[in-house]
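S.K.: kindly generate the corresponding structure for this input.
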Amino acid sequence: MLALLIRLGLRFEDRIEERRFVDQYVRGSLGWTQIAMLLGAATYAGYTLWDWVLYPEVVPTTLAIRGGTAVFILLPLTALLSRRWMKPWAETIFLVYCVIPGCILPSIYLVLPSGFTFAAPGMMMIILFVSTMLPLRIGSLAIFCLLSWVALLIAETFAPTLPAGLRFINHSLVGNAYALSLYAVAAREYRARKQFRTSEALQREKERSEKSLRDLRATQEHLVQAEKLASLGQLVAGVAHEVSTPLGLALTTSTAMQADLQAMSDALAGASVRRSDLTKGIDRLKQGLSLTFDNLHRASEMVHSFRQVAVHQADEDRRTFELRDWLSELMSKLGPLLAHHGLTVEVQCPAGVKLNSYPGALAQVISNLALNTAVHAYPDKRGGRFVITVSRPDPTSVRLVCADEGVGIPEPLQAHVFDPFVTTSRERGNAGLGLHIAFNLVASSLNGRLRLERKAGPGTQIAIEIPTEQTLQHSSEVS
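M.R.: From the prediction side, this is the model:
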């Protein structure tokens with residue numbers, strides 16, 4: 001029998017899965033089921049009104065049977081479902097709730113003058129209620145059908161007389177009702193089991209997807225951390241390479257000066273010193289000091305640039321300023337330096353655009369972009385244009401586009417243009433930190449975005465998007 005139910009899809013092979021389904025199917029909506037049980041008890045006792053209309057003389061007997069069944073059996077069984085410790089027995093309670101009134105009902109027809117004339121409709125009403133209002137599985141419903149049918153057969157044996165053919169008609173109607181109810185409950189349970197299987201599969205797939213997402217995020221975080229470490233290693237290597245060169249030259253020069261100084265000291269300690277040797281030694285010391293100073297100054301500037309790579313906040317405090325006047329003032333300060341490279345600056349900014357931000361950080365970003373254009377976009381100092389266009393994509397942000405018409409950035413370098421130490425002019429002493437510093441300042445201090453955009457025609461176009469109002473981000477500002 002169990003194998004047949006499994007083949008019909010009315011039982012799961014896995015006991016744990018079967019138990020979960022029963023918990024959901026039978027005990028899933030006990031509150032609504034209790035309401036249905038209260039309605040069934042009231043209906044069962046309420047049929048006494050029909051008895052009173054047809055046969056008032058037997059109402060005390062039928063009321064005792066119907067009302068006693070409702071009050072002493074059906075209502076207590078309904079109340080039992082409210083007890084937490086009785087919920088595992090819910091299906092058994094449902095079965096008892098159905099079987100007892102179904103088996104008692106035929107006894108009522110023994111006391112009615114009409115006998116079993118209306119037995120079939122009465123039994124069909126109970127079958128209809130059981131198969132539609134209660135979450136019985138096919139096995140429990142089959143037990144109800146069998147016991148209630150046996151009770152009807154037994155009650156008929158005690159009937160004094162039955163009209164000819166009534167027994168056949170009653171059992172035909174009741175049998176059809178049983179068959180239909182069994183099919184309806186089996187179909188409902190089969191659909192519920194398929195839906196349960198689908199929901200279980202979806203839940204497993206959801207859990208698998210969530211686990212994959214967690215693993216992916218963990219892997220992503222690991223890759224980001226690895227990328228950070230790789231960038232840090234690259235930065236450290238760049239620092240070591242860039243700073244070691246001027247420091248090494250300064251050390252070599254100081255060693256040479258020490259040897260020259262020792263030679264001069266030895267010469268002065270001798271019997272005679274030629275003026276030409278003394279002059280030559282002093283000249284060598286002057287050259288060595290000049291070379292040492294230049295290299296140490298270059299190393300100092302590099303260290304200062306490296307400090308700006310990790311900048312989190314510009315030295316200048318946040319304040320509100322009008323962007324067009326501020327840009328004009330900034331370009332007037334940069335004018336002499338940019339004019340040396342033959343670069344002409346144009347500012348296209350509407351009036352009335354105000355920012356509450358860090359002008360020091362923004363000035364450094366624009367200065368880096370302008371100087372980068374002067375050095376790299378027009379390397380032969382033949383002159384060119386550097387255009388700053390300001391717009392308001394929305395009331396909460398400002399967009400500055402810095403564009404030139406120079407040689408442009410080679411395609412292989414465009415994806416790494418904001419990485420540290422990326423440059424096309426290292427042979428001319430460029431460290432490749434200008435755009436990286438600008439990127440860090442926009443992201444950390446200005447809370448915005450800086451990206452390279454495609455440009456129609458020759459040249460390069462870099463867009464800066466920053467909010468018009470900066471929020472307090474650092475403890476030093478709120479302390």
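S.K.: pLDDT (mean, whole number) over stretch 371-386?
M.R.: Mean pLDDT, stretch 371-386: 79.
S.K.: correction: the previous question concerned stretch 157-177.
M.R.: 89.
S.K.: residue 11: what secondary structure?
M.R.: Each residue gets one of three states, and residue 11 gets coil by DSSP: H, G, I helix; E, B strand; the rest coil.
S.K.: which residues does it contact?
M.R.: For residue 11, the contact set (Cβ atoms under 8 Å, 6 or more residues apart in numbering) comprises 2, 5, 18. C-beta here means a position set from N, CA and C on the backbone, and glycine is covered the same way.
S.K.: for those, give me CSV that also has secondary structure and distance to residue 283.
M.R.: Converted to CSV, the contacts of residue 11 look like this (DSSP: H, G, I helix; E, B strand; the rest coil; distance: Cβ to Cβ, whole Å):
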residue, secondary structure, distance to residue 283
2, helix, 110
5, helix, 110
18, helix, 102
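S.K.: remind me what the strand ranked longest in the chain packs against, helices and strands.
M.R.: Secondary structure assigned by DSSP state E gives strand 384-394 as the longest strand of the chain. Judged by 3 or more Cβ pairs under 8 Å, 6 or more residues apart in numbering; DSSP states H and E, strand 384-394 is in contact with helix 323-340, strand 343-348, strand 397-404.
S.K.: mind running it again at 10 Å?
M.R.: Counting contacts by 3 or more Cβ pairs under 10 Å, 6 or more residues apart in numbering; DSSP states H and E, strand 384-394 is packed against helix 323-340, strand 343-348, helix 359-372, strand 397-404, strand 461-467.
S.K.: tell me which helix or strand the most centrally placed residue in the chain sits in.
M.R.: Centroid-nearest residue in the chain: residue 213, 9.1 Å away (criterion: Cα atoms, centre = their mean). Element membership for residue 213 (DSSP states H and E) is helix 166-269.
S.K.: now for that helix, which elements pack on it?
M.R.: helix 15-27, helix 119-133, helix 138-157, helix 275-309.
S.K.: buried sites along stretch 107-121?
M.R.: Using 16 or more other Cβ atoms under 10 Å as the test for burial, stretch 107-121 gives 108-109, 112, 115-116, 119-120.
S.K.: list the contacts of it.
M.R.: Applying Cβ atoms under 10 Å, 6 or more residues apart in numbering, the contact partners of stretch 107-121 are 47-48, 50-51, 54-55, 57-58, 61-62, 65-66, 69, 105-106, 122-123, 151-152, 154-156, 158-163, 166-167, 169-177.
S.K.: would you single out the least confident of the helices and strands packed on helix 166-269?
M.R.: helix 275-309 (a mean of 75).
S.K.: ok, back up a step: filter the contacts of stretch 107-121 to the buried ones?
M.R.: When the contacts of stretch 107-121 are checked against 16+ other Cβ under 10 Å, the ones flagged as buried are 47-48, 51, 58, 61-62, 65-66, 69, 105-106, 122-123, 151-152, 155-156, 166-167, 170-171, 174, 177.
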